[in-house]
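Colleague: Pasting a predicted model and its sequence here:
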Amino acid sequence: MTTSFFHPDWGALNLPQLAAMVPDEEIKIIDNWHHWFRQETVIQSLKHFKPDVLAISNSTAADTNRVLEMVEKIRTTNSDIRMIAGGQAASVRYKDFLDVGFETVVMGEGEYSFKDIIERMKKGECDFSDIPGLSFKKAGEYTITTPRPLLKTIDNLPFPAWHLMPQLRSNFFKGMHASVIESSRGCPYTCDFCAVQSFWKRSYRKKSNERIIEELKYLKTRLGCGQVYFIDDSFALNVKEYTELFEMMIRKNLTVKGFSQIRPDTVANNPEMIELAARAGFWGFLVGFDSYNEDELKMVHKSGGTDINNKASEILRKNGIGIFGVHMFGMPGIGLNGFKKTFKMGMRNSDTFRMSRFSLIPGTPLFSTMLQQNKVDEAPGRYVPYSHKIKTDKNRERKTNLLYVWYEFKSLLGLKAIAKFIKSRGISRKLQFRAYITATRYVLYLGLRKIGIEIL
């Protein structure tokens with residue numbers, strides 16, 4: 001959805017990682033995360049490739065209804081195809097996936113579950129009851145097998161099948177190709193609105209520096225990728241190891257144009273590590289500032305606030321690193337005027353100011369709490385990102401919607417925003433320019449959907 005509009009050169013990693021688990025099979029990957037297309041493109045690909053198995057990874061709750069609609073169409077012309085689903089969203093809404101015809105849904109970490117399923121299917125088997133980490137229907141009843149333990153180490157996973165992915169050109173650095181890598185998985189923090197900690201059960205596992213260096217070398221020398229997105233859930237939490245990693249990248253001449261998402265306190269508390277990251281080639285970070293109101297953050301069990309956010313921004317700018325600042329609009333426990341401070345400070349501290357409408361994500365602790373209190377309200381629009389909201393009266397909802405649109409307008413077309421863009425230079429200007437392109441694409445996307453034209 002919105003992030004993929006901003007980073008269309010940021011390909012998926014889950015698909016090539018899963019493909020690498022079954023290297024002897026003939027596989028076609030359709031990475032539709034960042035492309036503009038009609039869903040019939042997927043159906044046409046099935047006609048030409050004629051696969052035995054269709055496996056869909058649905059990680060984002062905003063895309064789930066779209067995926068289910070597409071599968072209903074697929075079933076009308078491919079009634080015999082065997083289908084597997086997986087990903088964060090599919091793990092939570094497994095019943096919906098099984099109801100539209102998926103044979104099984106992988107619950108949680110999927111590499112070895114996927115491998116086991118494919119091996120059974122090759123033998124013509126339909127009984128997966130002894131494979132851990134799955135859900136399926138048996139005699140009309142939903143069944144969940146024994147949970148699969150999380151991998152103790154992710155070093156042992158094979159290299160992703162990057163060669164099956166389309167080669168993407170960087171949108172930020174002329175003449176470069178871009179790819180994606182995973183250096184760690186999970187997050188140990190307790191932010192109760194975040195799907196990451198729910199899906200990975202607050203685990204955190206990092207690849208060894210030697211393994212990361214091997215992957216970077218492969219991407220840079222074999223595939224010619226000079227820009228690399230580190231797709232970690234929370235980057236550089238292990239300060240000692242990442243400091244050593246950046247030193248190794250510099251020493252081995254494996255510097256790349258790196259980008260990842262990082263916590264503001266990780267930056268604020270480790271200026272020396274950030275300086276090394278810049279020397280290793282990191283040009284930008286998506287920073288989860290979220291709010292400048294400490295009480296607001298405490299309500300969702302996240303640390304941070306004004307001092308940490310300001311310091312993080314100062315350190316990044318000192319090192320010439322661009323800031324994609326993410327903020328939450330409408331977080332619980334604060335009045336409609338409470339966002340003013342976050343907007344003012346966030347605009348100042350970000351090169352790209354990103355404002356997400358706060359919503360409840362299925363599977364998170366906050367969603368479960370609100371559900372128990374009968375406070376979950378689902379927006380009627382199927383294509384609104386993260387459509388579950390906290391129930392409120394119609395008058396407040398109307399005011400909230402108007403304020404959200406107003407702040408979005410100010411962040412892009414307000415006098416201060418325009419003046420900031422005119423004065424900007426270097427990577428800051430590239431990030432701000434990309435924000436205008438993203439907004440234009442996204443508004444067009446929503447507008448065409450309103451009148452029934454399917455583009456994505």
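Modeller: Thanks, I have it.
Colleague: C-alpha only now, for contacts and for neighbours.
Modeller: OK.
Colleague: partners of the nearest residue to residue 181 once chain neighbours are set aside in the sheet?
Modeller: Distances taken as CA to CA, 6 or more residues apart in numbering place residue 230 nearest to residue 181, at 5.0 Å, with adjacent residues excluded. For residue 230, the beta-bridge partners under DSSP bridges are residue 181, residue 260.
Colleague: mind checking how far residue 230 is from residue 452?
Modeller: 36 Å (CA to CA, to the nearest Å).
Colleague: got it, and residue 371?
Modeller: Residue 371 is 32 Å from residue 452, where distance means CA to CA.
Colleague: okay, these two: which has more neighbours?
Modeller: residue 371 (15 against 9; other CA atoms under 10 Å).
Colleague: Wasn't the more buried one part of a helix?
Modeller: Yes - counting by DSSP: H, G, I helix; E, B strand; the rest coil, residue 371 is part of a helix.
Colleague: and it, how far is that from residue 207?
Modeller: 37 Å.
Colleague: got the contact list for residue 276?
Modeller: 243, 246, 247 (CA atoms under 8 Å, 6 or more residues apart in numbering).
Colleague: The second one contacts residue 280, doesn't it?
Modeller: What that stands for is residue 246. Yes - between residue 246 and residue 280 a contact is recorded at 5.6 Å, counting by CA atoms under 8 Å.
Colleague: The two - which one has more neighbours?
Modeller: Legend: neighbour count by other CA under 10 Å for residue 246 and residue 280, higher for residue 246 (25 against 22).
Colleague: Could you say which helix or strand holds the more buried one?
Modeller: helix 239-251 (DSSP states H and E).
Colleague: elements contacting that helix?
Modeller: Under the contact criterion of 3 or more CA pairs under 8 Å, 6 or more residues apart in numbering; DSSP states H and E, helix 239-251 touches helix 209-217, helix 271-279.
Colleague: Can I get that helix in PDB, CA atoms only?
Modeller: Taking C-alpha atoms only, helix 239-251 is exported to PDB below (Å, rounded to 0.1, in the frame of the first residue of the first chain):
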ATOM      1  CA  VAL A 239      24.800  -2.300  19.000                       C
ATOM      2  CA  LYS A 240      28.100  -4.200  19.500                       C
ATOM      3  CA  GLU A 241      27.500  -6.600  16.600                       C
ATOM      4  CA  TYR A 242      26.200  -3.900  14.200                       C
ATOM      5  CA  THR A 243      29.100  -1.600  15.000                       C
ATOM      6  CA  GLU A 244      31.400  -4.500  14.100                       C
ATOM      7  CA  LEU A 245      29.300  -5.200  10.900                       C
ATOM      8  CA  PHE A 246      29.700  -1.600   9.700                       C
ATOM      9  CA  GLU A 247      33.400  -1.800  10.400                       C
ATOM     10  CA  MET A 248      33.600  -5.000   8.400                       C
ATOM     11  CA  MET A 249      31.700  -3.500   5.500                       C
ATOM     12  CA  ILE A 250      34.100  -0.500   5.300                       C
ATOM     13  CA  ARG A 251      37.200  -2.700   5.700                       C
END
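Colleague: how about stretch 316-335: buried residues?
Modeller: 316-317, 319-331 (16 or more other CA atoms under 10 Å).
Colleague: Filter the residues you listed down to the ones in strands?
Modeller: 322, 323, 324, 325, 326, 327, 328, 329 (DSSP state E).
Colleague: how about JSON lines for these, with pLDDT and distance to residue 99 added?
Modeller: Formatted as JSON lines, those follow (pLDDT from 0 to 100; distance: CA to CA, whole Å):
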{"residue": "322", "pLDDT": "97", "distance to residue 99": "44"}
{"residue": "323", "pLDDT": "97", "distance to residue 99": "42"}
{"residue": "324", "pLDDT": "95", "distance to residue 99": "39"}
{"residue": "325", "pLDDT": "96", "distance to residue 99": "39"}
{"residue": "326", "pLDDT": "94", "distance to residue 99": "35"}
{"residue": "327", "pLDDT": "94", "distance to residue 99": "36"}
{"residue": "328", "pLDDT": "90", "distance to residue 99": "34"}
{"residue": "329", "pLDDT": "90", "distance to residue 99": "34"}
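Colleague: Just the closest of those to residue 150, please.
Modeller: Using CA to CA, residue 326 is the member of these that sits closest to residue 150, with 29.2 Å.
Colleague: which of the contacts of residue 276 lies closest to residue 396?
Modeller: Nearest to residue 396 among the contacts of residue 276, with distances taken as CA to CA, is residue 243, at 47.3 Å.
Colleague: Contact partners for that closest one?
Modeller: Neighbouring residues of residue 243 by CA under 8 Å, 6+ apart: 273, 276, 277.
Colleague: make it 10 Å
Modeller: Residues near residue 243 by CA atoms under 10 Å, 6 or more residues apart in numbering: 236, 270, 272, 273, 274, 275, 276, 277.
Colleague: Good, we can wrap up now.
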